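[1] all I have is the shape, not the residue letters:
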């Protein structure tokens, strides 16, 4: 065995052993242990979830609290934020690729024998070697040469800069930066959708919670009613059928109670999921005044669909993303154009070689390289043509999205209008039952209505209340959908239905100097609102919406009666003209979403002139209180 090894060499044996090891590695097969791996992953996930989802809520949960917790803790948003951070890191990575390439190389080679070669002369005329190599009796050549050591260390430092690659990397880095912005936009849109879902789930839970509080009182009323019927049956004053009917009413109420409890539990679980907390965590809902929210909802007929369309098309994050996608495609077209150009590379190299036979062991080189793939040009040309189609497709996609958003907005506004109208019907139905119970109580007190009829009317009122509240939940959900369709954040669209008196979040904004009185002037004998006053009135609407307690008083005036004109004859005309001026201002404010009940109007004709100049008197005063 030793002889065999000595013949083929120890190094050869080592190389064979390494080769066998590498070949055996190719035969490795992965066989997962599903049960063990899943158990380990589950243990790790549970530990992380317990840490992430254990959010303590010591005080009653308001809508504002729920939204803040959701934005900070929602797991889907966390994933998006992580991906956004990864996209930012990739941008940095691409930017660093723009640096010149600096290579460090080192080699060490050891030969078992010197690289010895025979030496022959060459005939300069024929450029052919001549003569025979003479050898001694022991076989050694008389003329031999060697130019390398047995052991040589060599190394180099190479600085290389490819102009074409630099341009392509610059474009790619820009595309990566645009992609990171798109990730940010996607997170914003996801946050908007999440906010709308939290809003709906929160109010469903609040409404169900309030209805559950009313049920014990109704149950007590029904049980008392059943006892009265039972007594009447025992005394044979009423039929046993009446007792069964009373029992059926109690069963119906139990069914309703079970449904409401299921709705509350489902809403709480969904709210917990959206907030990114464990469903096992108990939290108490704040006693928010949902009726106050309803009062502050805008009337659909007062919402201008064209203005809402304009808001959506200026704010929807998806449109910003498609704008950037189009820019990415245009950058790709530039990259394809650059690839058609020849590549120019500059090199600077510092080298070292330890070979003792060299005169210079260290030296440097500089150079340039120009390469152009001629046969690759047709393929690159057609790739560039295809990219133009991609740009056209991106533009068409943006137009398609614009049309889709316009459709979504109109559908959302239509749905909100239908849900608002349906709620109004349910609300009127419930209000009528309230009146019936109130009137019935007076008749009952006067002995004109029996206990059974009174209880039955109270139950009908409660049933009407449940229907109204279910419709209310649908209406609030449709409004949240409409608001999120506009593509604006919660702190902007929430102003429609939140105020400091609703027990709900107040949108905190930087303090600005409030406008107390605004003057709008008109032409002689006219009641037409000039367009230059639109921005002023828009500012008034915004100010009033920010403070739900504020109201506005509109007072219309005309110029005074000139000398020589019959005052009594023309004052009636002036009063009517001042009324029209007040009405046109109110109409504009209502069209901007201001609730009409917060507006009072008055008109005074030529009374109380503000100035000796007629222009200053032909006015409407808006007084914010």
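    In hand now; what should we look at? All values reported here derive from a predicted model rather than from experimental measurement.

[2] residue contacts, the nearest residue in space to residue 488 that is not next to it in sequence?
    Closest residue in space to residue 488, ignoring its immediate chain neighbours: residue 315 at 5.1 Å, by CB to CB, 6 or more residues apart in numbering. All C-beta atoms are positioned from the backbone trio N, CA, C, and that covers glycine. Counting by CB atoms under 8 Å, 6 or more residues apart in numbering, residue 315 touches 486-488.

[3] try residue 260
    Each residue near residue 260 by CB under 8 Å, 6+ apart is listed here: 208, 211-212, 215, 466.

[4] the residue nearest to residue 488 and residue 192, how far apart?
    As judged by CB to CB, to the nearest Å, residue 315 and residue 192 stand 10 Å apart.

[5] then residue 37?
    Distance from residue 37 to residue 192, by CB to CB: 38 Å.

[6] which one of these two has more residues nearby?
    Higher neighbour count among residue 37 and residue 192: residue 192, with 22 against 10, using other CB atoms under 10 Å.

[7] okay, that one and residue 70: tell me how far apart.
    For residue 192, the distance to residue 70 (CB to CB) stands at 12 Å.

[8] I'd like the mean pLDDT over stretch 59-76, please.
    What stretch 59-76 shows for mean pLDDT is 85.

[9] what of stretch 260-276?
    Over the span of stretch 260-276, the pLDDT mean works out to 83.

[10] likewise stretch 98-105?
    Stretch 98-105 comes out with an average pLDDT of 93.

[11] okay, buried residues for that stretch please.
    Neighbour-count burial for stretch 98-105, counted by 16 or more other CB atoms under 10 Å, picks out no residue.

[12] next one: that stretch to chain centre, how far?
    Centroid separation for stretch 98-105 versus its chain: 41 Å, with CA atoms, centre = their mean, to the nearest Å.

[13] need the residues that contact that stretch.
    Here stretch 98-105 makes contact (CB under 8 Å, 6+ apart) with 155-162, 166, 169-170, 173.

[14] mind putting the contacts of residue 315 in TSV, distance to residue 321 and secondary structure included?
    Putting these into TSV (distance: CB to CB, whole Å; DSSP: H, G, I helix; E, B strand; the rest coil) gives the following:
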residue	distance to residue 321	secondary structure
486	16	coil
487	11	coil
488	16	coil
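
[15] could you look up the SS state of residue 122?
    In three-state terms, and counting by DSSP: H, G, I helix; E, B strand; the rest coil, residue 122 is strand.

[16] quickly find the element holding the nearest residue to it once chain neighbours are set aside.
    Nearest residue to residue 122 in three dimensions, chain neighbours excluded: residue 129, at 5.3 Å (CB to CB, 6+ apart). Element membership for residue 129, per DSSP states H and E: strand 128-130.

[17] surely residue 560 and residue 610 touch.
    No: at 10.1 Å, residue 560 does not count as touching residue 610 under the criterion of CB atoms under 8 Å.

[18] what's near enough to touch the residue nearest to residue 271 when sequence neighbours are not counted?
    In space, residue 271 comes closest to residue 201 once its chain neighbours are excluded; the distance is 4.3 Å by CB to CB, 6+ apart. Residues near residue 201 by CB under 8 Å, 6+ apart: 267, 270-271, 274.

[19] pLDDT score assigned to residue 201?
    With respect to pLDDT, residue 201 scores 89.

[20] check which helix or strand it maps to.
    With DSSP H and E as the criterion, the answer for residue 201 is helix 163-234.

[21] which among the contacts of stretch 98-105 end up buried?
    The neighbour-count criterion (16+ other CB under 10 Å) marks 156, 160, 162, 169-170, 173 among those as buried.

[22] which neighbours do residue 315 and residue 192 share?
    Shared contacts of residue 315 and residue 192, defined by CB under 8 Å, 6+ apart, comprise 487-488.

[23] looking at this, residue 348 is in a strand?
    Yes: with three-state DSSP as the criterion, residue 348 is part of a strand.

[24] hey, what's it bridged with?
    In this entry, residue 348 is beta-bridged to residue 159, residue 366, by DSSP bridges.

[25] any idea how far residue 107 is from it?
    From residue 348 across to residue 107, the span is 20 Å (CB to CB).

[26] in terms of neighbours, single out the busier of these two.
    residue 348 (15 against 10).

[27] show me where the stretch 201-350 of the chain has its strands.
    343-353 (DSSP state E, counting those that start in this stretch).

[28] now the helices: where do they sit in it?
    For the stretch 201-350 of the chain, the helices defined by DSSP state H, counting those that start in this stretch cover 240-275, 290-296, 305-315, 317-339.

[29] weakest of the ones you listed by average pLDDT?
    Mean pLDDT is lowest for helix 290-296 out of these, coming in at a mean of 73.

[30] buried set for it?
    Neighbour counts using 16+ other CB under 10 Å place 290, 292-296 of helix 290-296 among the buried residues.

[31] that older thread, can I get the contacts of residue 260 in a markdown table including neighbour count and pLDDT?
    Shown next, in a markdown table, are those (neighbours: other CB atoms under 10 Å; pLDDT from 0 to 100):
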| residue | neighbour count | pLDDT |
| --- | --- | --- |
| 208 | 24 | 83 |
| 211 | 21 | 80 |
| 212 | 14 | 79 |
| 215 | 17 | 78 |
| 466 | 19 | 85 |
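
[32] quick one: stretch 295-305 to chain centroid distance?
    Averaging C-alpha positions (CA atoms, centre = their mean) puts stretch 295-305 25 Å from its chain's average.

[33] first-to-last residue distance for that stretch?
    Terminal residues of stretch 295-305 lie 21 Å apart, using CA to CA, to the nearest Å.

[34] list the buried residues of that stretch.
    Using 16+ other CB under 10 Å as the test for burial, stretch 295-305 gives 295-298, 300, 303.

[35] ok, those vs residue 125, which is closest?
    Checking those against residue 125 with CB to CB, the nearest one is residue 303 at 104.4 Å.

[36] quick one: residues contacting that closest one.
    Neighbour list for residue 303: 413, 593 [criterion: CB under 8 Å, 6+ apart].

[37] from residue 443, how far off is residue 450?
    10 Å.

[38] quick check: pLDDT value at the residue most central in space within the chain.
    In the chain, the residue lying closest to the centroid (CA atoms, centre = their mean) is residue 189, at 1.9 Å. On the pLDDT scale, residue 189 is placed at 91.

[39] let me see the mean pLDDT of the host helix or strand of residue 413.
    Residue 413 is located in helix 377-445, with elements delineated by DSSP H and E. Average pLDDT, helix 377-445: 92.
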